[in-house]
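Visitor: fold the following.
(chains A and B)
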Amino acid sequence: MVSPSVASAASTPPAPPTPLVEFWRAFSANKGAVFGLVVVCVLLLLALFAPWIAPHAPFQTNSGAFLVPPAWQAGGSSTYILGTDAIGRDILSRLIYGSRLSLSIGAVVVLIALALGVTLGLIAGFYRGLLEIAIMRVMDIILTLPSLLLAIVIVAILGPGLVNAMLAVAVVVLPHYVRITRAAVISEVSKDYVTAARISGAGTLRLMFSEVLPNCAAPLIVQASLGVSTAILDAAALGFLGLGAQPPSPEWGTMLADAREFVMRAWWVVTLPGLMIVIAVLAFNLLGDGLRDALDPKLKR
Amino acid sequence: MLRFLLTRVSLLIPTFFGMTLLAFFLIRLVPGDPIETMAGERGIDAARHAALLVEYGLDKPVLTQYGVYISRVLHGDLGKSIITQVPVLDEFLALFPATVELAVCAILFALLLGLPAGIIAAVKRNSWFDHGVMTVSLTGYSMPIFWWGLLLIMLFSVYLGVTPVSGRLDVIHYVEPVTGFLLIDALMSEEKGAFVSALQHLILPAIVLGTNPLAVVARMTRSAMLEVLGEDYIRTARAKGLAPFRVVAVHALRNALIPVVTVIGLQVGVLFTGAILTETIFSWPGVGKWLIEAINRRDYPVLQGGMLLLGAVVMLVNLLVDLTYGIINPRIRVAR
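Guide: Sure, this is the predicted structure:
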């Protein structure tokens, strides 16, 4: 990799920076990306330690405290810092527990899409011809349909629920991973090191996974990081439409679906879950942009 | 040009057939058979069930059924809604103009704000304005629009009371549908105040639906302008003493617009995705709301037909965008 940091390397000690150090330098130069990373870490901590951080249990209702406004507003109480919903559940606690769901949704969707997408992309890239055409045509069809529409139809058929929603979103985002992998494979396969490996007797599977795949990692990592934000957003949209996680789950989109009828009188029930979605999605987008700039200067626009 | 056109069209045909396959088989994955679905919770006795299976051709092999389905689709018959018994195509055509009207206004909103913002951001690179545009655009890109819609309703309809909460027109007005586009119909009709009312109903949904495209247009315009502004011919234009405005607005913008047009073309699918959410929030009587209602009522023919029709619309628009480039930029025609 001809690094763009040659100029900065001159001012540092003669030993060349390790790839990791070099990566961190490029990454940390991007303030937005660092901010995204910090937010993602905070969300992770919230998710991991939810039972200890959350002041109340997420499903615990309190018939004496319906729609209590946040603590700083008239009528608010310090017991419920961000107020309560229509059946007296603590909003703050539900938001904290919701981060568990949203982060898992992001991770699971991206892992499914990566596993399937990389496999299909490798197959399409290695076995050019009929198989490739078949795979890429199917991906074209998925890409042509409006993404949420296809996800909705899949969920409508499989039945509403968090697991089916994650599957649907994974199917919808799959083409991106297949295309990226295939394009990277095709450009790598003709390189000398692959020919060398092939001549020295490496089998196709070995060529696929241990020779070519590591060199396709950069765009896939970037896509995966940006994909988490898409997954969170789409799953929340499905939840909002009543097709994703089902009540009383504290998934942020599902919370918003419940909150719709309180637009007239309880702003906190409507505003806060959406704010969490924006923060999470924004953080993963910033992180992904930063990773792209740091990992692959060629992709930088 | 004809060859370019024919290649593009011939690529669409397998995609369309693939889509019919998808629509046909996805619906077959629904647990239970269509007759049971139609019968609903009341159930149906075995003899009637068998008779209906024969009547609907569901006793034949799957491939034959698909053959029948495809020939019906090609003849414009997408089946009937289980609930209303109206042909799916008729329902779609009645509602589609409302969605198009919303989508067109959303794109106009995105362009009217996004183009100037992107251009100024590129010209004043690294200024506070540039950073502001990029921050806002990244936020707009990350925005869950169903929440954004609720926020705007809360602010403008509930607290300020300046816009209506839902629908397309106040009930006191009646406008004869001529074009299906309410803004145009209202202008042509004699109804006083109908146009204003239609506009008031349209403005929030259009902003909500236009938010994601706005972010994309602003970002894309900025980066395309930055690239073009570094070109030699821009330096030449500056050197020969052209006014800065002319350099930016004429020399740079024309070339920067090509990638922007591409991106707008690709936004059609995104717009339909957004329309499903926007129409649900604002009770906008378009195809998005129709599809969500079809899901809640388990109206599978509507779902199947609607998916196919929207997919076909996206395909056609993508084709048009492709052809437009071929005309704007001859290099693309040759390259493919």
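Visitor: rest of the way, CA atoms for contacts and neighbours
Guide: Noted.
Visitor: quick one: the helices in the stretch 101-250 of chain B, in order.
Guide: Listed in chain order, the helices of the stretch 101-250 of chain B (DSSP state H, counting those that start in this stretch) span B:128-141, B:145-152, B:182-188, B:194-229, B:232-239, B:244-246.
Visitor: packing partners of the first one?
Guide: In terms of contacts (3 or more Cα pairs under 8 Å, 6 or more residues apart in numbering or on different chains; DSSP states H and E), helix B:128-141 is packed against helix A:267-295, helix B:88-123, helix B:194-229.
Visitor: what does the stretch 101-250 of chain B have sitting close to chain A?
Guide: B:138-139, B:142-144, B:146-147, B:150-151, B:153-154, B:158, B:223 (Cα under 8 Å from any Cα of the partner chain).
Visitor: between which two of those is the distance greatest?
Guide: For these, the maximum inter-member distance is 38.4 Å, found between B:Val158 and B:Ser223 (Cα to Cα).
Visitor: now render the helices and strands packed on helix B:128-141 as JSON lines, adding mean pLDDT and distance to B:Ile276.
Guide: Shown next, in JSON lines, are those (pLDDT from 0 to 100; distance: least, Cα to Cα, whole Å):
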{"stretch": "helix A:267-295", "mean pLDDT": "91", "distance to B:Ile276": "18"}
{"stretch": "helix B:88-123", "mean pLDDT": "92", "distance to B:Ile276": "9"}
{"stretch": "helix B:194-229", "mean pLDDT": "90", "distance to B:Ile276": "10"}
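Visitor: after the helix or strand of chain A with the lowest mean pLDDT, which helix or strand is next?
Guide: Here the helix or strand of chain A ranked lowest by mean pLDDT, DSSP states H and E is helix A:6-11, holding a mean of 49. The helix or strand immediately downstream of helix A:6-11 is helix A:19-28, counting by DSSP states H and E.
Visitor: residues of that next one that come out buried?
Guide: For helix A:19-28, a neighbour-count test (16 or more other Cα atoms under 10 Å in any protein chain shown) marks A:22-23, A:26-28 as buried.
Visitor: residue contacts, A:Trp72?
Guide: Contacts for A:Trp72 were tallied using Cα atoms under 8 Å, 6 or more residues apart in numbering or on different chains; they are A:Ile81.
Visitor: can you give me the helices for chain A?
Guide: In chain A, helices defined by DSSP state H lie at A:6-11, A:19-28, A:31-48, A:50-53, A:91-126, A:130-144, A:147-158, A:162-189, A:192-199, A:204-206, A:217-240, A:252-259, A:267-295, listed in chain order.
Visitor: what's the least confident stretch among those helices?
Guide: Of all the helices of chain A, mean pLDDT reaches its minimum on helix A:6-11 (a mean of 49).
Visitor: what about residue 158, how many neighbours?
Guide: Since you didn't name a chain, this refers to chain A. By other Cα atoms under 10 Å in any protein chain shown, the residues close to A:Leu158 number 18.
Visitor: wait, chain B
Guide: By other Cα under 10 Å, neighbour count at B:Val158 equals 17.
Visitor: quick check, it in contact with A:Met264.
Guide: Yes. Counting by Cα atoms under 8 Å, A:Met264 is a contact partner of B:Val158 at 6.1 Å.
Visitor: ok so, going back, can you redo the helices of chain A as CSV with distance to B:Ala198?
Guide: Output for the helices of chain A, formatted as CSV (distance: least, Cα to Cα, whole Å):
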stretch, distance to B:Ala198
helix A:6-11, 60
helix A:19-28, 49
helix A:31-48, 41
helix A:50-53, 47
helix A:91-126, 37
helix A:130-144, 32
helix A:147-158, 27
helix A:162-189, 35
helix A:192-199, 63
helix A:204-206, 61
helix A:217-240, 27
helix A:252-259, 27
helix A:267-295, 27
